[in-house]
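> Sequence and predicted structure below; questions after.
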Amino acid sequence: KGEGHVEGEKVENPDTGLYYDEYLRQVIDVLETDKHFREKLQTADIEEIKSGKLSRELDLVSHHVRTRLDELKRQEVARLRMLIKAKMDSVQDTGIDHQALLKQFEHLNHQNPDTFEPKDLDMLIKAVSARYI
């Protein structure tokens, strides 16, 4: 019978097909724990999101949220480094430029692997937007 959506219940979203899908979901989940950011996200239109205006709101989230986002970014950078190492091992070429390989991952700022900044959120939004919007 008509079981409705219960508030607070997690809705299972389909896989986006992005190689950073899990990272994207985790960032969104953490950001939504911040009441101010969640309200801004719910009222933002697509242009505010794509333009980077929403990314600037990251400076207003709680310290706990920023700490968790920093941790997620470090985990994602470590995952990408493992992918690069596996690729290098399979090619057996010692002349590979690590920075050039990292540049192909456009969903985060690889030059700052330790902290999640507004630029990271902006890059993540733009990477998803380029693919879907």
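Thanks, I have it. As the structure is a computational prediction, the values presented were derived from the model and not from experiment. Numbers count the residues shown, from 1 in each chain.

> Just the buried positions in stretch 110-120, please.
Within stretch 110-120, the residues scored as buried using 16 or more other C-beta atoms under 10 Å are 110, 116, 117, 120. C-betas here are computed from N, CA, C, even on glycine.

> pLDDT score assigned to residue 12?
Note on residue 12: pLDDT of 57.

> any idea which element the closest residue to residue 113 other than its chain neighbours lies in?
In space, and not counting its chain neighbours, residue 113 is closest to residue 77: 4.2 Å by C-beta to C-beta, 6 or more residues apart in numbering. Assigned by DSSP states H and E, residue 77 belongs to helix 63-91.

> Now do the buried residues in that helix.
So for helix 63-91, counting by 16+ other C-beta under 10 Å, buried means 65, 66, 68, 69, 72, 73, 76, 77, 80, 84.

> residues in contact with the first one?
In other words, residue 65. Contacts here follow C-beta atoms under 8 Å, 6 or more residues apart in numbering; on that basis residue 65 touches 30, 31, 33, 34, 37.

> who's in contact with the fourth one?
By C-beta under 8 Å, 6+ apart, the residues touching residue 34 are 61, 62, 65.
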